[in-house]
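Student: fold the following for me, if possible:
(2 chains)
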Amino acid sequence: MKFSAQAGFKEANDIHILIQRRESGGIIIDLESPVMRQFGRDIQRSIRETAERICGLENIYIKAIDGGALDYTIRARVETAVKRLNGGESNGDA
Amino acid sequence: MEMLRRSMLFVPGNNPNMIQNAMVYGADSIILDLEDSVSAGEKDSARIFVRNAIEKLNFLGAEVVVRINTLAGAEGRMDLGEIVIAGLDAIVLPKASVKEVKLLSNSLAEAEMEKGLAAGSIKILPLVETAQGIIDLVEIVRSSQRIAGVMLGGEDLTAELGVRRTTQGEEILYARSLLALSCRAAGVDAIDTPFTDIRDYDGLLKDTRKAKGLGLTGKAAIHPNQIESIHNALAPEEEEISYSKRVLAAMEEAEKEGLGVVALDNKMIDAPVVARAQKVIKMAELSGLLLQGVWG
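Tutor: Numbering: from 1, shown residues only, chains lettered A, B, ... in the order given. Predicted coordinates:
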């Protein structure tokens, strides 16, 4: 079982997602974004919704470094990271 | 409306920055690439990203195309599993063979049914880029009803042949000519290989004119700055437009008078001539030549 996985890039219009398993504590999201004040809550909601929908894990830590990604990109990168964590693909091991 | 494919712009499939801006340059088709421009370790990420992009982005009327990985490997099949959704217009199939076009066609039929998409709605654009592919071109073009055009891949082909790729393009003359003939006979688009020097606009213009002169109808682009030159090179010339207008006027006149046979300048006008004239006028309109009254 993988402990962590990542997806996306620290580039403009993209978002880098690092996801780690935890024993407890629910879903914790640590977000850095240039548009934190304007869209921080929306970005966190997209990350949380996607992680819950795809993952089914209750306790995870997600570190997200945003470069101004649009919502469809955020959701794609979280989905990829979660799928990599769940071992669907062998790519992007962290 | 029938889709025009003068320019088909390749965009790396895992790059949000490029994909979000790809539609503003006026390309007729945008090809979201999952193959050569995506590294092996990012294939999984790219196909999820491209699926979301198709779902959420407004491509401003451009045809939405995805180049999948070859169906000979697992990646190509996984690509199909993600990206066949509403909003996808066509798939570019690399290293195309008759067998793989048929395989893709059947997979698309199943996916369309499963996902509630109109049967036959997703088109196939085989990318012919191997020596065997060129030999089999005539068969490939007719291997599925979904084929809307065939694209030539000059780089891979010349690499396989072990010959140098030149700006003059003599080494791909036979492939281009065969592509033009096969596609014309089947009534589909013949799309030329990209011109790889993205700063040589004059070379691109000449190369595209050469392709047009051989009967090719469109060209792949690998940089947004190539689109304008491609459109300019493929735009009908003044003489073509005025002749086409006269053909259509003569045809209309004959229809009014109930004549079965029409002549213009002592030459008979038949259905292919009329069809060609209609296409020229449409190309002229799309190139902005008639709207602006340049040669109106």
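
Student: the stretch 51-200 of chain B: helices as residue ranges?
Tutor: Remark: helices assigned in the stretch 51-200 of chain B by DSSP state H, counting those that start in this stretch are B:74-83, B:98-114, B:131-135, B:137-141, B:154-161, B:173-186.

Student: show me where chain A has strands.
Tutor: Secondary structure of chain A (DSSP state E): strands at A:4-7, A:15-21, A:27-32, A:60-66.

Student: relative to chain B, which of those strands is closest?
Tutor: strand A:4-7 (5.3 Å; Cβ to the nearest Cβ). Any C-beta I mention is one placed from the backbone N, CA and C, and that applies to glycine too.

Student: who's in contact with the helix or strand of chain A with the lowest mean pLDDT?
Tutor: Within chain A, no helix or strand scores below helix A:36-55, which has a mean of 93 by mean pLDDT, DSSP states H and E. Residues outside helix A:36-55 that contact it (Cβ atoms under 8 Å, 6 or more residues apart in numbering or on different chains) are A:15, A:17, A:19, A:27, A:29, A:31, A:33, A:35, A:57, A:60, A:62, A:64, A:66, A:69, A:71, A:74-75, A:78-79, A:82-83, A:85-86.

Student: quick one: low-confidence parts of chain A?
Tutor: Across chain A, the ranges flagged by pLDDT under 70 are A:88-94.

Student: now the helices of the stretch 51-200 of chain B in JSON lines, with mean pLDDT?
Tutor: Converted to JSON lines, the helices of the stretch 51-200 of chain B look like this (pLDDT from 0 to 100):
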{"stretch": "helix B:74-83", "mean pLDDT": "97"}
{"stretch": "helix B:98-114", "mean pLDDT": "97"}
{"stretch": "helix B:131-135", "mean pLDDT": "97"}
{"stretch": "helix B:137-141", "mean pLDDT": "98"}
{"stretch": "helix B:154-161", "mean pLDDT": "97"}
{"stretch": "helix B:173-186", "mean pLDDT": "97"}
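
Student: can you put these in CSV and add distance to residue B:280 and mean neighbour count?
Tutor: Listed next are the helices of the stretch 51-200 of chain B as CSV, based on distance: least, Cβ to Cβ, whole Å; neighbours: other Cβ atoms under 10 Å in any protein chain shown:
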stretch, distance to residue B:280, mean neighbour count
helix B:74-83, 35, 19
helix B:98-114, 30, 16
helix B:131-135, 29, 17
helix B:137-141, 23, 20
helix B:154-161, 27, 17
helix B:173-186, 15, 18
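
Student: nearest to residue B:40, of the ones you listed?
Tutor: helix B:74-83 (8.4 Å; Cβ to Cβ).

Student: any idea how far residue B:248 is from residue B:210?
Tutor: 28 Å (Cβ to Cβ, to the nearest Å).

Student: got it, and residue B:173?
Tutor: Residue B:173 sits at a distance of 34 Å from residue B:248 (criterion: Cβ to Cβ).

Student: just residue B:287 next, same as before
Tutor: Residue B:287 is 17 Å from residue B:248, where distance means Cβ to Cβ.

Student: can you give me the strands in chain B?
Tutor: In chain B, the segments counted as strands under DSSP E are B:7-12, B:29-33, B:63-67, B:90-93, B:123-128, B:149-152, B:189-192, B:218-221, B:262-264, B:267-269.

Student: picking that back up, reformat the helices of the stretch 51-200 of chain B into CSV and put distance to residue A:49 next to each item.
Tutor: Formatted as CSV, the helices of the stretch 51-200 of chain B follow (distance: least, Cβ to Cβ, whole Å):
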stretch, distance to residue A:49
helix B:74-83, 19
helix B:98-114, 25
helix B:131-135, 44
helix B:137-141, 44
helix B:154-161, 42
helix B:173-186, 46
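
Student: near chain A, which residues of chain B?
Tutor: Proximity of chain B to chain A, by Cβ under 8 Å from any Cβ of the partner chain, involves residues B:16-17, B:20, B:41-45, B:48-49, B:51-53, B:55-57.

Student: by neighbours, which of these wins?
Tutor: Neighbour counts for the residues of chain B next to chain A, by other Cβ atoms under 10 Å in any protein chain shown, peak at residue B:49, which reaches 30 neighbours.

Student: residues in contact with it?
Tutor: A:73, A:76, A:77, A:80, B:13, B:14, B:16, B:19.

Student: retrieve the pLDDT associated with it.
Tutor: We have a pLDDT of 98 for residue B:49.

Student: how about the contacts made by residue 69?
Tutor: Reading this off chain A. Residue A:69 neighbours (Cβ under 8 Å, 6+ apart): A:8, A:13, A:14, A:15, A:43, A:77, B:16.

Student: should've been chain B
Tutor: B:34, B:35, B:43, B:75, B:76, B:79, B:94.

Student: repeat that with 7 Å
Tutor: Residues near residue B:69 by Cβ atoms under 7 Å, 6 or more residues apart in numbering or on different chains: B:34, B:35, B:43, B:75, B:76, B:79.

Student: re the thing from before, just flag the most distant two among the contacts of residue B:49.
Tutor: Maximum pairwise distance among the contacts of residue B:49 (Cβ to Cβ): 15.4 Å, between A:80 and B:19.

Student: okay, these two: which has more neighbours?
Tutor: Using other Cβ under 10 Å as the criterion, residue A:80 and residue B:19 rank with residue A:80 on top: 30 against 24.

Student: so that one touches residue A:5, yeah?
Tutor: No. Residue A:80 lies out of contact with residue A:5 (Cβ atoms under 7 Å); the separation is 8.4 Å.

Student: CA atoms only: put the lengthiest helix in chain B into PDB for me.
Tutor: The longest helix of chain B (DSSP state H) is helix B:238-256. C-alpha atoms of helix B:238-256 as PDB (Å, rounded to 0.1, in the frame of the first residue of the first chain):
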ATOM      1  CA  GLU B 238      -9.000  35.100 -56.800                       C
ATOM      2  CA  GLU B 239      -9.400  33.300 -60.100                       C
ATOM      3  CA  GLU B 240     -10.700  30.200 -58.400                       C
ATOM      4  CA  ILE B 241     -13.300  32.300 -56.500                       C
ATOM      5  CA  SER B 242     -14.600  34.200 -59.500                       C
ATOM      6  CA  TYR B 243     -14.800  31.000 -61.600                       C
ATOM      7  CA  SER B 244     -16.600  29.200 -58.800                       C
ATOM      8  CA  LYS B 245     -19.100  32.000 -58.600                       C
ATOM      9  CA  ARG B 246     -19.800  31.800 -62.300                       C
ATOM     10  CA  VAL B 247     -20.200  28.000 -62.100                       C
ATOM     11  CA  LEU B 248     -22.800  28.400 -59.300                       C
ATOM     12  CA  ALA B 249     -24.600  31.200 -61.100                       C
ATOM     13  CA  ALA B 250     -24.800  29.200 -64.300                       C
ATOM     14  CA  MET B 251     -26.100  26.200 -62.400                       C
ATOM     15  CA  GLU B 252     -28.700  28.300 -60.700                       C
ATOM     16  CA  GLU B 253     -29.800  29.700 -64.100                       C
ATOM     17  CA  ALA B 254     -30.000  26.300 -65.600                       C
ATOM     18  CA  GLU B 255     -32.100  25.000 -62.800                       C
ATOM     19  CA  LYS B 256     -34.500  27.900 -63.200                       C
END
